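Student: fold the following and give me the result.
(chains A and B)
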Protein chains: 2
Amino acid sequence: MVLKRDKCIFKFSPFQNPAIRVSPNTSVEIETYDCFSDQIKTNEDTLEKLDWNRVNPATGAIFIEGAEPGDTLKVIIEKIEIGNKAVVATGKELGVLGDLFDTLISKVVNIENNEVLFSDKIRIPIKPMIGVIGVAPSDKEINCGTPGEHGGNIDTKLITEGSIVYFPVFVKGALFALGDLHACMGDGEVCVSGAEVNGKITVRFEVLKDLRINSPIVVNSECVSFIASAPTLDEAANLAVRFAHNFIKERTDMSSEDIIMLFSLIGDVQVSQIVDPLRTARFTLPYWIFEKLNVKIQ
Amino acid sequence: MVLKRDKCIFKFSPFQNPAIRVSPNTSVEIETYDCFSDQIKTNEDTLEKLDWNRVNPATGAIFIEGAEPGDTLKVIIEKIEIGNKAVVATGKELGVLGDLFDTLISKVVNIENNEVLFSDKIRIPIKPMIGVIGVAPSDKEINCGTPGEHGGNIDTKLITEGSIVYFPVFVKGALFALGDLHACMGDGEVCVSGAEVNGKITVRFEVLKDLRINSPIVVNSECVSFIASAPTLDEAANLAVRFAHNFIKERTDMSSEDIIMLFSLIGDVQVSQIVDPLRTARFTLPYWIFEKLNVKIQ
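Tutor: Next up, the predicted model:
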């Protein structure tokens, strides 16, 4: 099944009409624009000329049959393919060094042989990842540029081909969408953008009735990451650790003291992004501890 | 040359008398207490009984011949050996979940076969690292529990055997000290302690006259990390990116725009610790970019 990118939305909304309906366990190929809706094609297409109403599109919404509020949506990222040009942008009041700049700056870079050609001297290996991914919140609309418990612009570089992302389901059908592919990005996304690129993502959904979570969880073969977003990085980091604590506490007989002491020795507080309206942090535990504690991630 | 651990200090101070004087390029074996001055030996030695005036000792200070204010002290971590018991501590108002607890909690764990025996079920591979490491500030005393531009309690798990740490020199002789070994620790040190352990660290110093830095830098074969501490994690992260920017800007002809865009694609904002009086973040770049840009880390 294919979902074309003209079916795009600019906010995650419980009031959204779905673009398509899919059954669990069906692979869906989702086409995506880059975060500027592909408006920047050359170095002459500057950010000043941009229609800012068309920033951060996500393709969707996808209604997943059988998903009900309180369930968990399991999203298996089967494949990511990206285009051959990317845009990097920064400038005045954007990103960590925004105070140093007077203008908006963008740069179109080619992608060849799985490398981003940043300059004549610098070629960066691609590591495609999904910036915007999530479901509809329960009772309000959240624009696609903002992260939250529903996912959204969580800009987490672990969300890549082969990883699995879990979201709480807030509304019937979940109303899933994704977009904002990056050819590569560092933790923090410090200039305010990654190597912004269009592409195609193949995903498959499962609906879990027995798992209840409060915020996105990302799993790959090495680690399990609990994602949290908040006005400050300190608050986001604190929340991410609490989500992880609650997850383990509900599923084992460990005391809170033992859980946090264990976390302190083996878990990493990590940064997803520090440049969106809310900051996103994650608390990452090694996969082996879930096996050791007999806590199943379905 | 050996420096015994009874030569310990509880603050980094420009007014400190040195414990020993060493020439550059001499290996020094430094013995260290754990962060509780080895006061906790069994589970009966609780935190309530602790003499808190003896917390966070660092062994030193070491006067390095030839080091002058404005120089950079290069510290090569040649070897780390740790004891066979460690202490993990948390509790009321300590660490990320301090609000959940009414008391102080500590736990003595054995170290066998290079593993921390956290419980019957859970064995954690050791990754010894140095929590407190630094030089004297220019004009004030800073207790060893607090991080800063001089280093101190920066709790950065990259500071391990084989890594090199650079510090700005503020006073004649630098007055270097270190302590607070951890058998293992995750980024964040979320319960307020790692696996606190005593041990021996062998270091070698070089004094660099041509390198000027403003805050610690950690280098290993894979990456270069710029360390910053501040009242919030957001501020510390912002500062760490700025330190990295200034370092590259002073040594290449790249524009600030290009530097931050490059950073956004390949650099990671990382967390060292979020539980000390100041938070410590780091901005980590891959080592290859320094070779590519022909920027030498001496």
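Student: what's the neighbour count on residue A:130?
Tutor: 30 (other C-beta atoms under 10 Å in any protein chain shown). Where C-beta positions appear, they are placed from N, C-alpha and C, glycine not excepted.
Student: again, but for residue A:119
Tutor: Each residue near residue A:119 was counted by other C-beta under 10 Å, and the total is 13.
Student: same check, this time on residue A:39
Tutor: Residue crowding around residue A:39 was assessed by other C-beta under 10 Å; the count is 17.
Student: how about it, nearest residue that isn't a chain neighbour?
Tutor: Closest residue to residue A:39 apart from its sequence neighbours, by C-beta to C-beta, 6 or more residues apart in numbering or on different chains: residue A:50 at 5.6 Å.
Student: go on, residue A:84?
Tutor: residue A:111 (5.0 Å).
Student: for the helix or strand containing that neighbour, packing partners?
Tutor: Using DSSP states H and E, residue A:111 falls within strand A:104-112. Contacts defined by 3 or more C-beta pairs under 8 Å, 6 or more residues apart in numbering or on different chains; DSSP states H and E place strand A:104-112 against strand A:85-91, strand A:115-117, helix B:256-266.
Student: mind putting those into TSV with distance to residue A:43 and mean neighbour count?
Tutor: TSV is the format used below for those (distance: least, C-beta to C-beta, whole Å; neighbours: other C-beta atoms under 10 Å in any protein chain shown):
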stretch	distance to residue A:43	mean neighbour count
strand A:85-91	10	26
strand A:115-117	13	19
helix B:256-266	13	24
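Student: and the ones you listed: which comes nearest residue B:4?
Tutor: Closest of the helices and strands packed on strand A:104-112 to residue B:4 is helix B:256-266, at 43.4 Å (criterion: C-beta to C-beta).
Student: what about the closest one, average pLDDT?
Tutor: Per-residue pLDDT over helix B:256-266 has a mean of 98.
Student: which residues sit against that helix?
Tutor: The contact list for helix B:256-266, computed with C-beta atoms under 8 Å, 6 or more residues apart in numbering or on different chains, reads A:88-91, A:95-97, A:100-101, A:105, A:107, A:116, A:118-119, A:122, A:124, A:184-186, A:188-195, B:241, B:244-245, B:248-249, B:252, B:254, B:283, B:285-286, B:289.
Student: okay, now the domains of chain A?
Tutor: A:2-208, A:217-292 (automatic domain parsing).
Student: list the contacts for the nearest residue to residue A:278 once chain neighbours are set aside?
Tutor: Counting by C-beta to C-beta, 6+ apart, residue A:229 is the residue found nearest to residue A:278 once chain neighbours are left out, at 4.4 Å. Contacts for residue A:229 (C-beta under 8 Å, 6+ apart) come out as A:147-149, A:152, A:154, A:236, A:239, A:276, A:278-281.
Student: min pLDDT across the residues you listed, which one?
Tutor: When the contacts of residue A:229 are compared by pLDDT, residue A:276 scores lowest at 93.
Student: hang on, the earlier thing: any idea how far the residue nearest to residue A:39 is from residue B:257?
Tutor: Taking C-beta to C-beta, to the nearest Å as the measure, residue A:50 falls 17 Å from residue B:257.
Student: next one: residue A:207
Tutor: For residue A:207 relative to residue B:257 (C-beta to C-beta), the value is 45 Å.
Student: packing partners for the longest helix that chain A contains?
Tutor: Ordering each helix of chain A by length in residues (DSSP state H) puts helix A:233-251 first. Contact partners of helix A:233-251 among helices and strands, from 3+ C-beta pairs under 8 Å, 6+ apart: strand A:223-230, helix A:256-266, strand A:268-273, strand A:279-286, helix B:233-249.
Student: got TSV for these, with distance to residue B:15 too?
Tutor: Below are the helices and strands packed on helix A:233-251 laid out as TSV (distance: least, C-beta to C-beta, whole Å):
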stretch	distance to residue B:15
strand A:223-230	42
helix A:256-266	34
strand A:268-273	35
strand A:279-286	39
helix B:233-249	27
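Student: which residues touch stretch A:284-298?
Tutor: Contacts for stretch A:284-298 (C-beta under 8 Å, 6+ apart): A:74, A:158, A:166, A:208, A:210-211, A:217, A:219-226, A:244, A:247-248, A:251-252, A:254, A:262-263, A:266-268, A:270, B:121-122.
Student: what is the neighbour count of residue A:295?
Tutor: 15.
Student: what helix or strand is it on?
Tutor: Counting by DSSP H and E, no helix or strand carries residue A:295.
Student: going by residue numbers, what spans are strands in the stretch 51-200 of chain A?
Tutor: A:58-64, A:72-82, A:85-91, A:104-112, A:115-117, A:123-125, A:129-134, A:142-143, A:147-148, A:151-152, A:164-168, A:176-182, A:196-197, A:199-208 (DSSP state E, counting those that start in this stretch).
Student: for stretch A:102-115, buried residues please.
Tutor: Judged by neighbour count (16 or more other C-beta atoms under 10 Å in any protein chain shown), stretch A:102-115 contains these buried residues: A:104-109, A:111, A:115.
Student: to clarify, my last question referred to stretch A:223-234.
Tutor: Across stretch A:223-234, burial judged by 16+ other C-beta under 10 Å covers A:223-230, A:232-234.
Student: can I get these in JSON lines including pLDDT?
Tutor: Formatted as JSON lines, the buried residues of stretch A:223-234 follow (pLDDT from 0 to 100):
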{"residue": "A:223", "pLDDT": "98"}
{"residue": "A:224", "pLDDT": "98"}
{"residue": "A:225", "pLDDT": "98"}
{"residue": "A:226", "pLDDT": "98"}
{"residue": "A:227", "pLDDT": "98"}
{"residue": "A:228", "pLDDT": "98"}
{"residue": "A:229", "pLDDT": "98"}
{"residue": "A:230", "pLDDT": "98"}
{"residue": "A:232", "pLDDT": "98"}
{"residue": "A:233", "pLDDT": "98"}
{"residue": "A:234", "pLDDT": "98"}
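Student: tell me the residues on the stretch 101-250 of chain A that lie near chain B, please.
Tutor: Proximity of the stretch 101-250 of chain A to chain B, by C-beta under 8 Å from any C-beta of the partner chain, involves residues A:101, A:105, A:107, A:116, A:118-119, A:121-122, A:124, A:184-195, A:232-234, A:237-238, A:241-242, A:245.
Student: drop anything exposed from these.
Tutor: Listed as buried from these are A:101, A:105, A:107, A:116, A:118, A:122, A:124, A:184-195, A:232-234, A:237-238, A:241-242, A:245; burial here means 16+ other C-beta under 10 Å.
Student: hey, what's the nearest residue to residue A:189 once chain neighbours are set aside bridged with?
Tutor: Nearest residue to residue A:189, sequence neighbours excluded (C-beta to C-beta, 6+ apart): residue A:273, at 4.4 Å. With DSSP bridges as the criterion, residue A:273 is bridged to residue A:188, residue A:280.
Student: same question, residue A:73
Tutor: Going by DSSP bridges, residue A:73 forms beta bridges with residue A:167, residue A:207.
Student: who touches residue A:150 in this structure?
Tutor: Contact partners of residue A:150, counting by C-beta under 8 Å, 6+ apart, are A:12, A:134-137, A:142, A:167-168, A:170.
Student: sorry, wrong one. I was asking about residue A:210.
Tutor: Counting by C-beta under 8 Å, 6+ apart, residue A:210 touches residue A:298.
Student: show the pLDDT at it.
Tutor: Here the pLDDT value assigned to residue A:210 is 90.
Student: cool, residue A:105 as well?
Tutor: At residue A:105, pLDDT is 93.
Student: that one and residue A:89 touch, don't they?
Tutor: Yes - the criterion here is C-beta atoms under 8 Å, and residue A:105 meets it with residue A:89 at 6.7 Å.
Student: need the overlap of contacts for the two.
Tutor: By C-beta under 8 Å, 6+ apart, the residues touching both residue A:105 and residue A:89 are A:47, B:261.
Student: tell me if I'm right that the residue nearest to residue A:84 and residue A:126 touch.
Tutor: Yes - here residue A:111 lies in contact with residue A:126, judged by C-beta under 8 Å, at a distance of 6.4 Å.
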